[in-house]
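Chemist: Turn this into a structure:
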Amino acid sequence: ASVLGDARRRAGAELAESTTQLMGELGMGGGTFEIAFEPAPADRPDPLGGERVEFMVSANPGQPTRPLRKVASGGELARISLAIEVASLGLDAVPTMIFDEVDTGIGGAVAHIVGQKLRALGDHRQVLCVTHLPQVAAQGHSHYRVMKSKSEGVTQSEVRQLSSGDREEELARMLGGVELTNEARAAAKRLLRDVA
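Modeler: Numbers count the residues shown, from 1 in each chain. Presented below is the predicted three-dimensional model:
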């Protein structure tokens, strides 16, 4: 248990440093991620080791860290989870990750970076991301549109994979709203062209 505890502390320090750095890139500059180690009850090791591990976070500068499970909003939790997954890429066996609300409260350059990080994860794992931001959607290896319709008083959902042409139109719609302009189409084309 002592050897395991020492290894956890070393790995925890590295993970905390990398995750804090990534949080800054994901629009949470000045935020902090730490890993707290609490001795197991009565100092008696069990199959989980001699200590309990708690992820601690401060999403904003100047605030003390508090347990992640208690303080993170949906969008913050999604971005912190993304940071943890990118920081620990290749160290876990999670084959599929689903991100919802990862783009809450962000836009522009931060949305582009979030999209890039999701795409990098998607090179190694299956990543599903629900997004309303074209900067994030453009980074996907594939793009699906979810549509709802009402028929005879019943709401139905349809999921359809978009072809490259349809994808460009969907990104233009996301960028420009109801009326698709040449400018929105050009911006959508540029987003797809600039994918890393």
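Chemist: Output the contacting helices and strands for the longest helix along the chain.
Modeler: Longest helix in the chain, counting residues (DSSP state H): helix 2-25. Helices and strands touching helix 2-25, by 3 or more Cβ pairs under 8 Å, 6 or more residues apart in numbering; DSSP states H and E, are strand 32-39, strand 51-58, helix 74-87, helix 108-122. C-beta coordinates here come from the backbone N, C-alpha and C atoms, glycine included.
Chemist: ranking these by mean pLDDT, which is last?
Modeler: When those are ranked by mean pLDDT, helix 74-87 comes last with a mean of 86.
Chemist: How far off centre is the helix or strand following it?
Modeler: Per DSSP states H and E, helix 74-87 leads on to strand 96-100 as the next helix or strand towards the C-terminus. Put simply, strand 96-100 sits 8 Å off its chain's centre (Cα atoms, centre = their mean, to the nearest Å).
Chemist: Report the distance from the longest helix of the chain to the chain centre.
Modeler: 19 Å.
Chemist: what's the answer for stretch 100-120, then?
Modeler: 7 Å.
Chemist: do the same with stretch 172-190
Modeler: Worked out by Cα atoms, centre = their mean, stretch 172-190 lies 25 Å from the chain centre.
Chemist: Pull out the buried residues from that stretch.
Modeler: 172-176, 184-185, 187-188 (16 or more other Cβ atoms under 10 Å).
Chemist: Which of those residues fall within helices?
Modeler: Filtering the buried residues of stretch 172-190 for helices - DSSP H - leaves 172-176, 184-185, 187-188.
Chemist: In contact with the residue nearest to Met56 when sequence neighbours are not counted: list those residues for me.
Modeler: Nearest residue to Met56 in three dimensions, chain neighbours excluded: Thr65, at 3.9 Å (Cβ to Cβ, 6 or more residues apart in numbering). The neighbourhood of Thr65, defined by Cβ atoms under 8 Å, 6 or more residues apart in numbering, consists of 32-34, 56-58.
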